[in-house]
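S.K.: predicted model and sequence below, questions to follow.
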Amino acid sequence: MKKLSARRRHPLAAVVVLLLALLFSGGLYAVFAPTSKAEADETAQSLTIEEGKKLYSVGCASCHGTGGQGTSDGPSLVGVGAAAVDFQVGTGRMPAATSQGPQVPKKKNIYSQAEIDQLAAYIASLGAGPAVPTEEQYGPEGADIAKGGELFRTNCAQCHNFTGKGGALTHGKYAPTLEGVDPKHIYEAMQTGPQNMPSFPDTTLSEKNKKDIIAYLDAVNSSKSESPGGLELGGLGPVSEGLFGWIFGLGGLIAVAVWVAARTAKAKKS
Amino acid sequence: MSTAQTRRKAPAGERVADWADGRLGIYSLAKANMRKIFPDHWSFMLGEICLYSFIIIILTGVYLTLFFHPSMNEVEYHGSYVPLQGQLMSEAFASTLDISFDVRGGLLIRQIHHWAAIIFLAGMFVHMMRVFFTGAFRKPREINWLFGFLLFVLGMFTGFTGYSLPDDLLSGTGVRFTQGAILSVPIVGTYISMFLFGGEFPGTDFVARFYSIHILLLPGIMLGLVVGHLILVFYHKHTQFAGPGRTNKNVVGMPLLPVYMAKAGGFFFLVFGFIAALAGLATINPIWVLGPYRPDQVSTGAQPDWYMGFAEGLIRAMPGWEINLWGHTLVLGVFIPLVVFGLFLGMIALYPFIESWVTGDKREHHILDRPRNAPTRTGFGVAWVTAYIIMLIGGGNDIVATHFHLSINSVTWFVRIGFFAGPVVAFIITKRICLGLQRRDKEKVLHGRESGIIKRLPHGEFIEVHEPLSQEQMYTLTAHEQYQPVEIGPTVDENGVERKVKGSEKLRAKLSESYFGEGAQIPKPTAEEYREITSGHGHH
Amino acid sequence: MSSQDIPEENLPAEQSAGHDEHGHGAVSPADDKHPFVDPGLPPHEPRIQDIDERAAKRSERSVALLFTVSMLATVAFIASFVAIPVDKSVFIFPLGRISALNFALGLTLGIALFCIGAGAVHWARTLMSDVEIADERHPIEAEPEVREKVFADFKQGAKESAIGRRKLIRNTMFGALTLVPLSGVVLLRDLGPLPEDKLRHTLWSKGKLLVNMNTNEPLRPADVAVGSLTFAKPEGLEEHDHDFQNEIAKAALMIVRIQPENIKDKRELEWSHQGIVAYSKICTHVGCPISLYEQQTHHVLCPCHQSTFDLSDGARVIFGPAGHALPQLRIGVNEEGYLEALSDFEEPVGPAFWERG
């Protein structure tokens, strides 16, 4: 104890206390914050509607009703199709937290792909809807990147930004970033129109169109896409460029100016 | 000197100089200027940042014109950027892609050009604020202030016409906005729009027209203004901060040859090198991801470059007022921001004349004010900057909303209210801070600097030892001038005839009172006060 | 104004300078009467380089080194220009996958230039004299005698020209000078056509099919699902057309389908086809293509200035700077079952203007 009291006046003591406090509160948050609890039922082996129904009654029925007919807390799922389930559950948006903000955010997915497939099969059995796309549909083979770019700028860029960095909608809603989103989920989102996003069904945006769009996104907004000019600055356009120009551009030059104008060290002082 | 013999012996450099002097009279010019004195202070170099970035912009701009095609002919792209191959685009856009991907070093020059433009405008803004807050705009420099202001405004429009040239989707959206704003002008709006665009929007003319404005008309005027600005700086000699040996009648610093020449010349290379490295490290305006302009396409985050951001904010925050009367439409929702844009900028441009009218001071001023010693001016300046920044936030309200998880509607309301409330609050707070700092200066002069050393007196009392200031510091802290408020003279003359007091006179007295009246400045310490305290017992 | 001039004595007195203008060092020590007098320029203090030749040599070497680095960087610039292909990309943390050539050229050019500057400034700071010099200022305004002389000269010149006496010459000259710029103004006339009613009409007319922007096929009602968003152009307008840009700038269409019972505006319902409504895609504020459609709220937001319109209520403005609702296109279905326009827009699309009415 004596040692501790002697050291608590050390200049770094405050920093240490701060770090400890941060660790503690972080730990507390981790304990109490809502996390993925629903552990996968590993015994599930076959893709049966029955299994899906079980999962549904545990994870979804409280909001969407026992038969998927919808309640005041969640819309009807009849006819949304397997693609909608695969998107909503696969991106972690569903099941949603009970108290939501303006929009249900993307979060960590708590189901295995097998379970999602079971859920999707069950929902698909309630009414016909778009099926989960196959890799052939959303894969990059045979896609026209340039056409995809044009389609993206016509249909998607207005909300998701030129290269899919996302953007604002009304009253706190937003179009999320498309960076790192599974091509399958992008395809499903176009098909089904999750939350406030309008849908782009095959009748107005053909399968080939969707493939092109995904290929374009893969070219300009993925880990392998290039930014020839250097640092991308978030890809947000003039706002981030202006900030960067002020802080690093002008800021750096002013620092240089301070050096140029500063007095040289005098001999006396040394 | 005049004998043939000495001439033959003179070194080559001297002979060339003699030759030039005989034709240009350079010696009398050099006599006055070669050892001209420039004071050293980092904030005096802000203008140099602007000058040098302007030169860099001209150099790189000339290079870009060698490759750019200012044409709106539609072509199919077959260059090396894959995600746009086969797309229809204007030649302007295609040639910008070629500069970026097929001309070696073209991308670097493009990025230097654009980064330098961003820094040029930012530098002018900060330089203008430096001049404003130190009162360097006072007589005899009012005209140079206006030159500088014009450079800033012309710089904004040169920048705007420049980033519109590639005809990409983002800048095209900006041009569309400009056209919509022009349409809102009462009576002549549609005519101006038709004449500017050669018909309906977008037409096939605006790139070529903006091009000649961007590379010839505006830079030509700006170059003239820059030269005038510099000549006046030389002619007036630079201002300086108050300090020992620095008076209103002298200028203290380093001579042009050699120190200032080496520093200023070196600084050009520093600025150029810095911006070149920046352009090698960070992308600016990647038009290839924006795509070619089409009037039916758009992207979110549609913002102009930062210097137009405050106008964008005004437009975004304005409610949608529209009046329909007698078959005509008055588009106030667009036209009011357009007018406010001009008035708001004009306000800062005319400030020097307002201040000199209020003070009635017709003398020359070469010693700079510390901002704290002119609380009303400083308050006004901070209020202006506050409104400017709030509008900048408004111009990026969607980016602010997504990055701080706010509602775009709340951000817009914040901006709407903030535009009016913010400057008022900023003015009051700034003035108070200035007065507080004035008081502290006075304390320091009268009681000395707090040394942090605690002393116990024999009778047990603890005191902090105050170190008296040096003569230099004392002079510096008391060198500023303080005006007295103007009063309206006697309203009745000696013959008892009542004189009419003009409204402007009353206004001036009122303004003067708020500038220099009670509570608007802290009287500086007088010799009597100082004597009284120092002749007392100890200092605490 | 002259009555408002402030007498000199009201202005603050300038600080008394108690020393000789050019002097270094304290000239007049403060006394009781003037405790705050200007002590004059402080004496010059030497730098290390001024008294230690070895330090000066070190500075010299640093300056020379900087200039040498600059030379090397220029060589590297030229070498990169020659050696690195224009389309080569490299991954450099934290910049990302960037153009190798741009990076190399930017950095070498930056170093080459920066080192010249750094060398020159270091030279100036450490080796050139740093003795501060005071230079006198002279008033900008001329001496009264000069002023008198200028005025006298001017009067003389004006008198000799007789401009004041021969008013006819003066007046006709002003007249001519005022008129002559008009030629320049007239020349600007052919910059563009007159507005006439160009802003009032679009390509839409009765019977024109609604063609899907994405597939270039005419749309059928069944193609448009509730909650979907589709963009359309008038039949016959192709991307390669000469006037495509001008026409699409007015004719671009945004099509959504709303359950008819959710449509609040009577006219909107009338002009729709089974809940399929077609609105102009061009914002009525300043003409951005507006299309940030929220399918649950039926709100559509403009990405440029956040004007928000309610598509289920006649597209009236519910937020932002737009002044009036988006124009709706009246649509129906032709015999072959395709969606068609029943007329042009009834009001001008896009931003408002003076003659709009």
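M.R.: Arrived safely, thanks for sending.
S.K.: outline the domain layout of chain C.
M.R.: Taking automatic domain parsing as the criterion, chain C consists of the domains C:48-126, C:201-356.
S.K.: and for residue A:187, the neighbour number?
M.R.: 24 (other C-beta atoms under 10 Å in any protein chain shown). Every residue, glycine included, has its C-beta placed from N, CA and C.
S.K.: how about the residue of the stretch 151-300 of chain C found nearest chain B: what's its closest non-neighbour residue?
M.R.: Chain B sits closest to residue C:286 of the stretch 151-300 of chain C, with a gap of 2.7 Å, by C-beta to the nearest C-beta. Closest residue in space to residue C:286, ignoring its immediate chain neighbours: residue B:180 at 2.7 Å, by C-beta to C-beta, 6 or more residues apart in numbering or on different chains.
S.K.: okay, now the one you found: neighbour count?
M.R.: So residue B:180, with other C-beta under 10 Å, has 28 neighbours.
S.K.: hang on, the earlier thing: ok, the residue of the stretch 151-300 of chain C closest to chain B - contacts?
M.R.: Applying C-beta atoms under 8 Å, 6 or more residues apart in numbering or on different chains, we find residue C:286 in contact with B:176-177, B:179-181, B:183-184, B:315, B:334, C:304-305, C:351.
S.K.: could you rerun that using 6 Å?
M.R.: B:177, B:180, C:351 (C-beta atoms under 6 Å, 6 or more residues apart in numbering or on different chains).
S.K.: of those residues, just say which sits nearest to chain A.
M.R.: residue B:177 (13.2 Å).
S.K.: from residue A:251, how far off is the residue nearest to the closest one when sequence neighbours are not counted?
M.R.: Spatial nearest neighbour of residue B:177, chain neighbours left out: residue C:286 (4.8 Å); criterion: C-beta to C-beta, 6+ apart. Distance, residue C:286 to residue A:251, using C-beta to C-beta, to the nearest Å: 34 Å.
S.K.: can you list the residues of the stretch 51-200 of chain C near chain A?
M.R.: C:51, C:89, C:95-99, C:121, C:125-126 (C-beta under 6 Å from any C-beta of the partner chain).
S.K.: what's the burial count for residue C:71?
M.R.: Neighbours around residue C:71, by other C-beta under 10 Å: 12.
S.K.: from the chain's centroid, how far away is the helix or strand encompassing it?
M.R.: Per DSSP states H and E: residue C:71 is located in helix C:53-83. When C-alpha coordinates are averaged (C-alpha atoms, centre = their mean, to the nearest Å), helix C:53-83 and its chain have centres 39 Å apart.
S.K.: residues contacting the helix or strand just after that helix, please?
M.R.: Next along the chain after helix C:53-83, taking DSSP H and E as the criterion, comes strand C:89-92. Where contact means C-beta under 6 Å, 6+ apart, the residues beyond strand C:89-92 that reach it are A:226, C:97, C:99-100.
S.K.: tell me who's in contact with residue B:450.
M.R.: Residue B:450 neighbours (C-beta under 6 Å, 6+ apart): residue B:464.
S.K.: quick check: it is in a strand.
M.R.: Yes. Under DSSP: H, G, I helix; E, B strand; the rest coil, residue B:450 falls within a strand.
S.K.: which residue ranges of chain A form strands?
M.R.: A:167-168, A:174-175 (DSSP state E).
S.K.: how far away is the residue nearest the centre of chain C from chain B?
M.R.: Ranked by distance to the mean C-alpha position of chain C (C-alpha atoms, centre = their mean), the top residue is residue C:304 at 15.0 Å. Distance of residue C:304 to chain B, given as C-beta to the nearest C-beta, to the nearest Å: 5 Å.
S.K.: do you know the pLDDT at that residue?
M.R.: As predicted, residue C:304 sits at a pLDDT of 92.
S.K.: now it, nearest residue through space, not along the chain?
M.R.: Nearest one to residue C:304, counting by C-beta to C-beta, 6+ apart, is residue C:288 at 3.8 Å.
S.K.: any idea how far the one you found lies from residue C:281?
M.R.: 9 Å.
S.K.: mind listing the shared neighbours of the two?
M.R.: In contact with both residue C:288 and residue C:281: no residue, using C-beta under 6 Å, 6+ apart.
S.K.: tell me which of the two has more neighbours.
M.R.: residue C:281 (31 against 25).
S.K.: now the nearest residue to the more buried one once chain neighbours are set aside: phi and psi?
M.R.: Excluding the flanking residues, the one nearest residue C:281 by C-beta to C-beta, 6+ apart is residue C:252, at 3.9 Å. Here is the backbone geometry of residue C:252 (degrees, to the nearest 10): phi -50, psi 140.
S.K.: is any residue of stretch C:333-349 near chain B?
M.R.: No. If you take C-beta under 6 Å from any C-beta as the test, stretch C:333-349 misses chain B, and the best it gets is 9.7 Å.
S.K.: C-alpha coordinates for that stretch, CSV please?
M.R.: Extracted in CSV, the C-alpha atoms of stretch C:333-349 (Å, rounded to 0.1, in the frame of the first residue of the first chain):
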residue,chain,number,x,y,z
VAL,C,333,-51.9,1.8,-71.0
ASN,C,334,-52.2,1.4,-74.8
GLU,C,335,-53.9,-1.5,-76.7
GLU,C,336,-50.8,-3.6,-76.6
GLY,C,337,-50.6,-3.3,-72.8
TYR,C,338,-47.6,-0.9,-72.6
LEU,C,339,-47.5,2.1,-70.4
GLU,C,340,-47.8,5.3,-72.4
ALA,C,341,-48.0,9.0,-71.7
LEU,C,342,-51.4,10.6,-72.1
SER,C,343,-49.9,14.1,-72.7
ASP,C,344,-46.8,16.2,-72.0
PHE,C,345,-46.3,17.5,-68.5
GLU,C,346,-48.9,20.2,-67.8
GLU,C,347,-46.3,22.5,-66.2
PRO,C,348,-42.7,23.2,-66.9
VAL,C,349,-40.3,20.7,-65.4
